[in-house]
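Undergrad: Have a look at this prediction, sequence included:
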Number of protein chains: 2
Amino acid sequence: MHTPSFHPPARVLMGPGPSDVHPRILEALARPTIGHLDPRFVAMMEEVKQLLQYAFQTANPLTFPVSAPGSAGMETCFVNLVEPGEKVVVCRNGVFGGRMVENVARCGGVPVVVDDPWGRPVDPQRLEDTLEAHPDARIVAFVHAETSTGVRSDARTLVDIAHRHDCLTIVDAVTSLGGIELRVDEWGIDAIYSGTQKCLSCVPGLSPVSFGERAVEKIRQRRHKVQSWFLDLNLVMGYWGSGAKRSYHHTAPVNSLYALHEALVLLQEEGLENAWERHWRHHHALREGLAGLGIEYVVDEAHRLPQLNAVRIPDGVDDAAVRRRLLEEYGLEIGAGLGDFAGQVWRIGLMGHAANARNVLLCLSALRAVL
Amino acid sequence: MHTPSFHPPARVLMGPGPSDVHPRILEALARPTIGHLDPRFVAMMEEVKQLLQYAFQTANPLTFPVSAPGSAGMETCFVNLVEPGEKVVVCRNGVFGGRMVENVARCGGVPVVVDDPWGRPVDPQRLEDTLEAHPDARIVAFVHAETSTGVRSDARTLVDIAHRHDCLTIVDAVTSLGGIELRVDEWGIDAIYSGTQKCLSCVPGLSPVSFGERAVEKIRQRRHKVQSWFLDLNLVMGYWGSGAKRSYHHTAPVNSLYALHEALVLLQEEGLENAWERHWRHHHALREGLAGLGIEYVVDEAHRLPQLNAVRIPDGVDDAAVRRRLLEEYGLEIGAGLGDFAGQVWRIGLMGHAANARNVLLCLSALRAVL
């Protein structure tokens, strides 16, 4: 056996993530590794925290990237905030709400599910009714931008309702961070997690999280130990916290953090609002082009994500064959449907660096050629 | 706030890890990101599995890298193999044995601890006695190469004892994989985890694991769901398993996997036994030089790790000041003592690509200059 080095084919990534990584981020990624307790590295960690605070629009001191992908960021929120026996209301309108339910159950929590149809946002009234029926609920969890359906829910309103019922909130912002308006402090979100491989245009593998004061207080005063050692924030805070002395918890993914730092520097250079606007602009161009091809959106216009365009596969079209041809002939990746939408829906991403005019044209021309 | 890009200082990494990353690995890391379900990426994943089987010396089909650092690899083993109420014997002779005890408790297992002094290997007789006293124990866990103390324990013998008492074995090989002799199949290890940032010279952030047939059987027949969704091998197998169809579980850390692939290609090019021999050769050179400086090892010669040289800080020497001068004046990182050894011990790594003649000379000359 003599395995040669791997050279990836040239692709344009317009699926549900990973999205195309900016060349400056790849360059940062490849800089020489230094120690995870090196004073220069620790100084960079402080910058990552500040830059993430900007991206999340928060002043939360406990804002940092978990050393694993978004689903570990999700688990970080649940294992730290849910105590065994606690009732957690989960709004489910796609795959990731379903994953939240799994998380609650595995923490020993009692999930109460508010179901909305795939392709629809979470219904605030239904959340309100559920909370009235379950006054002992302690947490409300929902997905801001459902990657499986391309739906945006009204995070601000849902958080307000949760707070009026004395619940903390856990928000999935994996696909929203850096792509659409998201204001953690103004909206009062208590715990939030995201991913690096979507609208930040960074490599996959890290999950930025942020926790507000009440969430941190709850974690500090837990009655049961957090079931995960790796994700226990009471321990992780010793490394990522703001104390003078960093204590070793686990070896940080040094190079991935270089990449995230650069991704956030790029976001700061562009300006957060400008990045949000750019996602809308290219989404509108793509939408016009798709309409010209007779391709329809799954989601009502009012609730669409600009960065994730879920569209119906036209009748009589072979899903897998089209995606294969796009990939093989044009090096273009678009996403398949997930879960209930498998075989019926394509997910066309315009995320981060990939949200640009060139990609919109490529996607439309290639679809026209193949269909 | 305008944060500039981060440029790490030039370092030589001779601490307990991360170790110097080979330039070819950094180059692979920076290749353009492709989709985690792209057929070309999936083919690369198969190669990573085969190359890891070679590195671990195993034919286990369930051999793959967990998408998070070594401590998540540890947790993967415990949350999947320990059922609530089960008795687990943990051999503890350093920090990482202690972390195993924490893991057992957080899984609802009942830890039975076999303590050996820091700087000493696990005593097989003590394990034997403990297993006789606890015939209901189901698992034995120990650390092959204790990164906190520089000690090598006799994995083969410990596994034999465990098996004679009908226990499965979980082995920490974070610092041993690629550095010293390790033969998963020949020694009969049931579950093992490692890290990428030690003797594989790869970037930190992944944890190669391997599970034998009996371990997989136990995981498949669990009575309780695995408490971690992210680390549940029953789910992860759908993505990393050998079936024709890959199902999405989480977004794989694509670029880190490019890097691991290249690290394993390098290991294959050199040959595993040659890599082990190289670690010993440079260790012997370092040992001679340290003796010339009057610096003593913590561990008896028979149980030393060539890749992690734990030495006593000479009397009257200021630990932090020396390490700071090495770092600032020579760009050389060596490791501080951890836990019981803090302030008393330095840990000099010769891991992977960093185990070379140039580094041995640099380390000895710099120590001579500074002391």
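TA: Done, it's in.

Undergrad: Now the closest residue to chain B within the stretch 51-200 of chain A: closest residue in space, sequence neighbours ignored.
TA: Closest residue of the stretch 51-200 of chain A to chain B, CB to the nearest CB: residue A:68 (3.8 Å). For glycine as for every other residue, the C-beta is placed from the backbone atoms N, C-alpha and C. Leaving aside its sequence neighbours, residue A:68 sits nearest to residue B:68 (CB to CB, 6 or more residues apart in numbering or on different chains; 3.8 Å).

Undergrad: Need phi/psi at the one you found.
TA: phi -170, psi 170 (degrees, to the nearest 10).

Undergrad: thinking it is in contact with residue B:206, fair?
TA: Yes - under the criterion of CB atoms under 8 Å, residue B:68 makes contact with residue B:206 at 7.4 Å.

Undergrad: Counting neighbours, go ahead and name the busier of those two.
TA: residue B:206 (31 against 27; other CB atoms under 10 Å in any protein chain shown).

Undergrad: And that one, how far from residue A:36?
TA: To residue A:36, residue B:206 is 15 Å away according to CB to CB, to the nearest Å.

Undergrad: same deal with residue A:228?
TA: 20 Å.

Undergrad: Over to residue A:186?
TA: 34 Å.

Undergrad: Now the stretch 101-250 of chain A against chain B: closest residue?
TA: For the stretch 101-250 of chain A, CB to the nearest CB, closest residue to chain B: residue A:205, 3.2 Å.

Undergrad: Next, give phi and psi for that residue.
TA: Torsion angles, degrees, to the nearest 10, at residue A:205: phi 130, psi -10.

Undergrad: Which pLDDT value goes with residue A:234?
TA: The score at residue A:234 is 94. That number is its pLDDT.

Undergrad: Ranking helices and strands of chain A by mean pLDDT, which lands last?
TA: helix A:233-240 (a mean of 91; mean pLDDT, DSSP states H and E).

Undergrad: how about that helix: buried residues?
TA: A:233, A:235, A:236, A:237, A:239, A:240 (16 or more other CB atoms under 10 Å in any protein chain shown).

Undergrad: Would you tell me what the next helix or strand after it is?
TA: helix A:254-270 (DSSP states H and E).

Undergrad: Show me which parts of that next one are buried, residue by residue.
TA: A:254-268.

Undergrad: helix/strand/coil for the residue nearest in space to the middle of chain A?
TA: By CA atoms, centre = their mean, chain A has its centre lying nearest to residue A:174, at 0.5 Å. Classification of residue A:174 using DSSP: H, G, I helix; E, B strand; the rest coil returns coil.

Undergrad: wait, doesn't it sit right on residue A:192?
TA: No - counting by CB under 8 Å, residue A:174 stays clear of residue A:192, with 9.9 Å between them.

Undergrad: all strands for chain A, in order.
TA: With DSSP state E as the criterion, chain A has strands at A:12-14, A:62-66, A:87-92, A:110-115, A:137-143, A:145-146, A:151-152, A:168-172, A:191-193, A:207-211, A:308-312, A:332-336, A:345-349.

Undergrad: most packed of those?
TA: Of all the strands of chain A, strand A:145-146 carries the top mean neighbour count, a mean of 31, counting by mean count of other CB atoms under 10 Å in any protein chain shown.

Undergrad: Would it count as contacting chain B?
TA: No - for strand A:145-146, no contact with chain B is found by CB under 8 Å from any CB of the partner chain; the gap never falls below 14.6 Å.

Undergrad: what's that strand in contact with?
TA: Applying CB atoms under 8 Å, 6 or more residues apart in numbering or on different chains, the external contacts of strand A:145-146 come out as A:93-97, A:151-153, A:172-176, A:179-180, A:305, A:307-308.

Undergrad: Need the pLDDT of the residue nearest to residue A:150 when sequence neighbours are not counted.
TA: Residue nearest to residue A:150 in three dimensions, not counting chain neighbours: residue A:310, with 3.2 Å by CB to CB, 6+ apart. Here, the pLDDT recorded for residue A:310 equals 98.

Undergrad: so what's residue A:310 up against?
TA: Residue A:310 neighbours (CB under 8 Å, 6+ apart): A:119, A:149-151, A:297-299, A:337, A:341, A:345-348.

Undergrad: Right, and chain B sits closest to which residue of the stretch 251-371 of chain A?
TA: residue A:253 (3.2 Å).

Undergrad: before we move on, the earlier item: give me the subset of the contacts of strand A:145-146 that also touch chain B.
TA: Within the contacts of strand A:145-146, nothing lies near chain B by CB under 8 Å from any CB.

Undergrad: burial count for residue A:189?
TA: Residue A:189, neighbours per other CB under 10 Å, totals 29.

Undergrad: For residue A:362, see how far away it is.
TA: Going from residue A:189 to residue A:362 by CB to CB gives 36 Å.

Undergrad: okay, now the domains of chain A?
TA: Listed by automatic domain parsing, the domain ranges of chain A are A:12-18+A:272-370, A:23-268.

Undergrad: and the gap between the closest residue to residue A:22 other than its chain neighbours and residue A:330?
TA: Nearest non-adjacent residue to residue A:22, counting by CB to CB, 6+ apart: residue A:353, 4.4 Å away. To residue A:330, residue A:353 is 18 Å away according to CB to CB.

Undergrad: try residue A:117
TA: The value you get for residue A:117 to residue A:330, if CB to CB is used, is 33 Å.

Undergrad: between those two, which one's more packed in?
TA: residue A:330 (17 against 11).

Undergrad: close enough to count as contact, residue A:305 and residue A:152?
TA: Yes - under the criterion of CB under 8 Å, residue A:305 makes contact with residue A:152 at 5.1 Å.

Undergrad: Quick check: residues of the stretch 51-200 of chain A near chain B?
TA: Counting by CB under 8 Å from any CB, the stretch 51-200 of chain A sits next to chain B at A:51, A:54, A:67-72, A:74-75, A:99, A:102-103, A:105-107, A:195, A:197.

Undergrad: In space, what's closest to residue A:327 - neighbours in sequence excluded?
TA: residue A:333 is the one closest to residue A:327 (CB to CB, 6+ apart), at 5.8 Å.
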